[in-house]
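Undergrad: Sequence and predicted model, in that order:
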Amino acid sequence: MRRLNFFDRHVVKQDGLDLHPGIQKLNVSCACGSPEHLWLGDAKGELRRIDRQSNLSEPLCAFDRDLLGVCAARDGQLLFAVGCDSFGAAGGSSSASQDPGVTKYKVFDTHQPDANGSPATQLLAHRVFGQRGPEGQATCIAASCSSSTSSAGRTPRAGVVAIGTRAGSVQLFRAQDLKQ
């Protein structure tokens with residue numbers, strides 16, 4: 001068997017050493033790659049981008065509680081994330097310790113940083129579980145999308161979003177057109 005070395009190996013996080021500024025402090029809960037960047041999700045609900053020069057971006061506050069999964073689509077232009085926001089952030093009120101949170105998926109455009117310096121702009125947010133039923137627990141996310149051509153140019157269009165749950169079910173969503 002022949003060994004093929006495609007990747008350079010760089011250790012960026014190791015106990016007791018600060019090998020890469022900023023990464024040592026992250027509690028990475030999920031990650032995904034795109035052609036130009038690597039995205040790291042933090043357990044606190046933040047996303048950070050690492051570029052080819054190993055530069056770490058400012059945080060993108062995707063969720064105010066937990067970030068459970070992330071995936072990139074359309075050559076990295078769209079970033080899909082699943083996580084939990086506090087119920088109070090969704091319009092209700094409850095104490096944070098007893099609040100089960102609201103599971104949502106969110107879509108971000110990575111080609112348009114927002115005015116606050118975050119590496120992406122939020123395009124869409126949607127609840128995963130209905131308001132009338134019990135709140136489930138999401139475990140992973142996958143998405144596929146295409147683009148359509150209009151008179152204004154190419155518009156990203158989310159095709160299907162699939163979210164896996166701890167109970168073993170899969171929630172499928174056909175996302176709407178993503179307008180900026």
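TA: Okay, I see it.
Undergrad: Every contact and neighbour count from this point should use C-alpha atoms.
TA: Will do.
Undergrad: The residue nearest in space to the middle of the chain sits in which helix or strand?
TA: Most central in the chain under C-alpha atoms, centre = their mean is A81, positioned 2.9 Å from the mean C-alpha point. For A81, the host element (DSSP states H and E) is strand 78-85.
Undergrad: Return the alpha-carbon coordinates of that strand using CSV.
TA: Taking Å, rounded to 0.1, in the frame of the first residue of the first chain, the C-alpha atoms of strand 78-85 are listed here in CSV:
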residue,chain,number,x,y,z
LEU,A,78,-23.8,29.7,2.3
LEU,A,79,-23.2,28.5,5.8
PHE,A,80,-26.0,26.4,7.5
ALA,A,81,-26.0,26.0,11.3
VAL,A,82,-28.3,24.3,13.8
GLY,A,83,-28.4,25.3,17.4
CYS,A,84,-30.4,26.6,20.3
ASP,A,85,-31.5,30.1,21.2
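Undergrad: who are the neighbours in contact with L172?
TA: L172 makes contact with V160, V161, A162, I163, according to C-alpha atoms under 8 Å, 6 or more residues apart in numbering.
Undergrad: Helix, strand, or coil at the last one?
TA: This means I163. Put simply, I163 is strand when judged by DSSP: H, G, I helix; E, B strand; the rest coil.
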